[in-house]
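Peer 1: Could you work out the structure for the sequence below:
(2 chains)
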Number of protein chains: 2
Amino acid sequence: METLNQLGEQAKNAARLLSQAATPQKNEALRLMSQALVDHQETILSANQKDLAKAQENGISGTMLDRLTLNSDRIYAMAEGMRQVADLPDPIGLVSQMWTTDNGLTIGKESVPLGVVGIIYESRPNVTTDAGALCFKSGNAVILRGGKEAIHSNQAIVHVLQKTLIQTAFPPTVIQLVEDTSRASSTGMMTLNRYIDVLIPRGGAGLIKAVVEHATVPVIETGTGNCHVYIDKAAQLDMAKEIIVNAKCSRPSVCNAAETLLIHEAVAQEFLPVIEEALSAYQVELRADEKAQAILQHAVPANETDWETEFLDFILAVKVVSSLDEAIEHISRYSTGHSEVIVTDDYFASRAFQKRVDSAAVYVNASTRFTDGFEFGFGAEIGISTQKLHARGPMGLSELTSYKYIISGEGQIR
Amino acid sequence: METLNQLGEQAKNAARLLSQAATPQKNEALRLMSQALVDHQETILSANQKDLAKAQENGISGTMLDRLTLNSDRIYAMAEGMRQVADLPDPIGLVSQMWTTDNGLTIGKESVPLGVVGIIYESRPNVTTDAGALCFKSGNAVILRGGKEAIHSNQAIVHVLQKTLIQTAFPPTVIQLVEDTSRASSTGMMTLNRYIDVLIPRGGAGLIKAVVEHATVPVIETGTGNCHVYIDKAAQLDMAKEIIVNAKCSRPSVCNAAETLLIHEAVAQEFLPVIEEALSAYQVELRADEKAQAILQHAVPANETDWETEFLDFILAVKVVSSLDEAIEHISRYSTGHSEVIVTDDYFASRAFQKRVDSAAVYVNASTRFTDGFEFGFGAEIGISTQKLHARGPMGLSELTSYKYIISGEGQIR
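Peer 2: Model prediction:
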């Protein structure tokens, strides 16, 4: 088994070559890798069976087992994802600005890869191909450290990708897997400053927190979404109902699902019973403040923790507020800065909300569920950043780049 | 003395107000603060005298004492710097992209402040007004933690700025100073994740290293410059000489000064004696590899450490290389990624160097000394980033911003 330092050094060398690659060669390699996934699906599926058997032995079930499971359809989807990344524009080598200084120097700002990207993730094998493809297309070598539950699947997938790369001009070390799935390999990546330019954790709040606390390499925090829907006094009942049902129930396990409903007191009496009925079709548990409890039929009392929690489940915190200001104040205090919505017909309320709420995505009259790289039109995403440094919100290929200044002169000195 | 948590909470609250401020109000406050520095220069200078007396007691001298010293001219320069920041365009509220999705959502990408910026710096009191002005203009509350040597000067300066802010609509807590200059306050800032959005260390390699190792808040590394000048075989002697003399000698204590000269073997015999003579006027010590030593009159042998070192002094490492590839290889191995130069008349060599060298600023036929926010035309700079995440090279007002997506719909759900 290769040590992290070996993987790091190989990645750094591979990144230098990959950074100079021409777009058609990168795209061709992506298409070959996509095809190889389909061609070798039996190998991947039988490796996945090993992971699934182990998972069942360990009593893993439900959502987690589902995330771990591969089948022919899912492999086709992974292959299709890689092919789509091949079709996206290359984010490297774009000179976004170029100007001439008073003394005649020409300065250009050119997009370049970040270098070596580390990804720490949990049990979803599709992250292996998604992250692999996005990093490859953006000229970055990637070191993947997936969860131990998926190790056989990940090994099989990366083996297929690397065997394909060997047939191209690219070193197979542009996409590498950390085969040691001990805690030490995870913490080791967090301090591999010599080789890793940025570390992106993808997973639950616990993983993100551990990375932020222990990493000395630069980190992009992703995917913690305590998202709010605020129903203003000037909202339409039907629209409010549809948006909250969609934001909460269409896929509660993802980070862009809503977790808290704030509703203006002027419409709470009329709207809450209708909303409760609509949510009852999904058996949503409501955790409400006193005022909301007085209106709702089946709510349990909310405590302080409920306002802070990303439930990722059919649970919704509900609070009645007396003003737009109180709604914004609540969001400012408890939000993770992911996505927030105001439902309103009031022009001034919509402007105030979008100006004053400081989250990655601030919506008027639409569901939080649109915070997604595909929905934004980025073609794919490596994650949703909830920090303000470098990238915020859905991260596509452009967010996996840095830049350098290229300066040309005729002997200028200062 | 306020605790870091108090300062952090005050900064966070102040940042929310400042983020909504109109440009003319911010500019007016900056001009008032600039004027107040001049009006209260006696107070600031007498505080500076205390710092200088203490420094002399402690045997501080030379460059460090000079950096600590204020006088009327320097205060005028600080005031002028603040006034110039008032004249720069506001980087906040710019919608750089806006598009409509297939389902009719309008998505805009709007620049917003980072929030709360922490600056840890050493003994230069002018950083207090420079960083204060840049953060203020870009809508960020700032927490300044200067070196203990300058504490009286910094207190006096921040007191003047805050007293001026009280006369405006801004809370004085938009610019705060950490008055506790113990090591604990420095490390405390590095883990103040609840309040600080980004930490920018400005100072020597030791400070930067400590921050990178201990910080859990996002950091932008600045200002470590092991910069290289490569003289190609197709270089002009006069231009090569002028560039290396300027890059090494015009201000050796700054990060954009050159530290290593690489020279092609085909021109080493002819060029090195001329360059040695030119550098001897500045009594530059040359630390050379064997081949260069054989040509130079007064060189000492270079060891491995010399290739890695940012001398910040009249010392230059010199190495003869046999090719452009060897030069690029050397830079890739030892550079801190700040600024590198090729001197050449060869079109293909110039392109290869700019493509393949992975540093913030890659020059053809110009001095490394131009890597500077003012020289780039940014109007001012908060530092020079040597990392790839978020910002690279000279950081002006734009680099102190993040963005958010503002999304408007008519009830769209997914």
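
Peer 1: so A:Leu165 sits right up against A:Val158, yeah?
Peer 2: No - taking Cβ atoms under 8 Å as the contact criterion, A:Leu165 and A:Val158 are not neighbours in contact, 10.2 Å apart. Heads up, the C-betas are built off the backbone N, CA and C, glycines and all.

Peer 1: which residues are in contact with both of these two?
Peer 2: When contacts are counted by Cβ atoms under 8 Å, 6 or more residues apart in numbering or on different chains, the set common to A:Leu165 and A:Val158 consists of A:Ile175.

Peer 1: just for chain A, where's the confidence low?
Peer 2: A:1 (pLDDT under 70).

Peer 1: so how many other residues sit close to whichever residue of the stretch 1-150 of chain A sits closest to chain B?
Peer 2: Of all residues in the stretch 1-150 of chain A, the one sitting closest to chain B is A:Leu114 (5.1 Å; Cβ to the nearest Cβ). By the other Cβ atoms under 10 Å in any protein chain shown criterion, the neighbourhood of A:Leu114 contains 24 residues.

Peer 1: In contact with it, which residues?
Peer 2: A:138, A:140, A:197-198, A:400-402, B:388-389.

Peer 1: ok, now with 7 Å
Peer 2: With contact set as Cβ atoms under 7 Å, 6 or more residues apart in numbering or on different chains, A:Leu114 has these partners: A:140, A:197-198, A:400-402, B:388.

Peer 1: any idea how far the nearest residue to it once chain neighbours are set aside is from A:Ile220?
Peer 2: Spatially, and ignoring its direct neighbours in sequence, A:Leu114 is nearest to A:Asp197 (4.7 Å; Cβ to Cβ, 6 or more residues apart in numbering or on different chains). Distance from A:Asp197 to A:Ile220, counting by Cβ to Cβ, to the nearest Å: 11 Å.

Peer 1: ok so, going back, quick one: the residue nearest to A:Leu114 and B:Arg392 touch, right?
Peer 2: No - here A:Asp197 does not reach B:Arg392: they are 11.1 Å apart, not a contact under Cβ atoms under 7 Å.

Peer 1: Settle it for me: which of A:Asp197 and A:Ile220 has more neighbours?
Peer 2: Neighbours around A:Asp197 and A:Ile220, counted as other Cβ under 10 Å, are more numerous at A:Ile220. The numbers are 27 against 22.

Peer 1: wait, the more buried one sits on A:Ile200?
Peer 2: Yes - counting by Cβ under 7 Å, A:Ile220 touches A:Ile200, with 5.0 Å between them.

Peer 1: Please state the offset of the strand or helix carrying A:Leu17 from the chain centre?
Peer 2: According to DSSP states H and E, A:Leu17 maps onto helix A:4-19. Average the C-alpha atoms of helix A:4-19, do the same for its chain, and the two points are 24 Å apart (Cα atoms, centre = their mean, to the nearest Å).

Peer 1: Give me the contacts around the helix or strand just after it.
Peer 2: Later in the chain than helix A:4-19, the nearest helix or strand by DSSP H and E is helix A:23-39. Residues outside helix A:23-39 that contact it (Cβ under 7 Å, 6+ apart) are A:75-76, A:78-79, A:82-83, A:85-86, A:90, A:129, A:133, A:136-137, A:160-161, A:164-165, A:167-170.

Peer 1: for stretch A:160-176, same thing?
Peer 2: Stretch A:160-176 is contacted from outside by A:7, A:10-11, A:14, A:17-18, A:25, A:29, A:32-33, A:36-37, A:40, A:44, A:132, A:136, A:141-144, A:158, using Cβ under 7 Å, 6+ apart.

Peer 1: how far does the helix or strand A:Thr305 falls within sit from the chain's center?
Peer 2: Under the assignment given by DSSP H and E, the secondary-structure element containing A:Thr305 is helix A:304-308. Computed by Cα atoms, centre = their mean, the chain-centroid distance of helix A:304-308 equals 23 Å.

Peer 1: helices or strands up against the lengthiest strand in chain A?
Peer 2: Longest among the strand segments of chain A by residue count, using DSSP state E, is strand A:401-412. In terms of contacts (3 or more Cβ pairs under 7 Å, 6 or more residues apart in numbering or on different chains; DSSP states H and E), strand A:401-412 is packed against strand A:106-113, helix B:237-249, strand B:361-366.

Peer 1: could the ones you listed go into a markdown table alongside mean neighbour count and distance to A:Tyr363?
Peer 2: Supplementary listing: the helices and strands packed on strand A:401-412 in a markdown table, determined by neighbours: other Cβ atoms under 10 Å in any protein chain shown; distance: least, Cβ to Cβ, whole Å:
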| stretch | mean neighbour count | distance to A:Tyr363 |
| --- | --- | --- |
| strand A:106-113 | 20 | 29 |
| helix B:237-249 | 21 | 51 |
| strand B:361-366 | 27 | 40 |
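
Peer 1: residues in contact with A:Ile339?
Peer 2: One correction, residue A:339 is Ser, not Ile. Neighbouring residues of A:Ser339 by Cβ under 7 Å, 6+ apart: A:225, A:227, A:256, A:359-361, A:363, A:368, A:371.

Peer 1: Which pair of those spans the longest distance?
Peer 2: Taking Cβ to Cβ as the measure, these span a maximum distance of 13.0 Å, between A:Gly225 and A:Tyr363.

Peer 1: Show me where the stretch 201-350 of chain A has its strands.
Peer 2: For the stretch 201-350 of chain A, the strands defined by DSSP state E, counting those that start in this stretch occupy A:227-231, A:258-264, A:285-288, A:299-301, A:315-321, A:339-343.

Peer 1: Of these, flag the one that's most buried.
Peer 2: strand A:339-343 (a mean of 31; mean count of other Cβ atoms under 10 Å in any protein chain shown).

Peer 1: helix or strand for A:Gly118, which one?
Peer 2: Per DSSP H and E, A:Gly118 falls inside strand A:116-121.

Peer 1: Domains in chain A, by residue range?
Peer 2: According to the domain assignment given by automatic domain parsing, chain A is divided into the following structural domains: A:4-221+A:387-408, A:227-370.

Peer 1: Check the offset of the first one from the chain's centre.
Peer 2: Its chain's C-alpha centre and that of domain A:4-221+A:387-408 lie 13 Å apart, by Cα atoms, centre = their mean.
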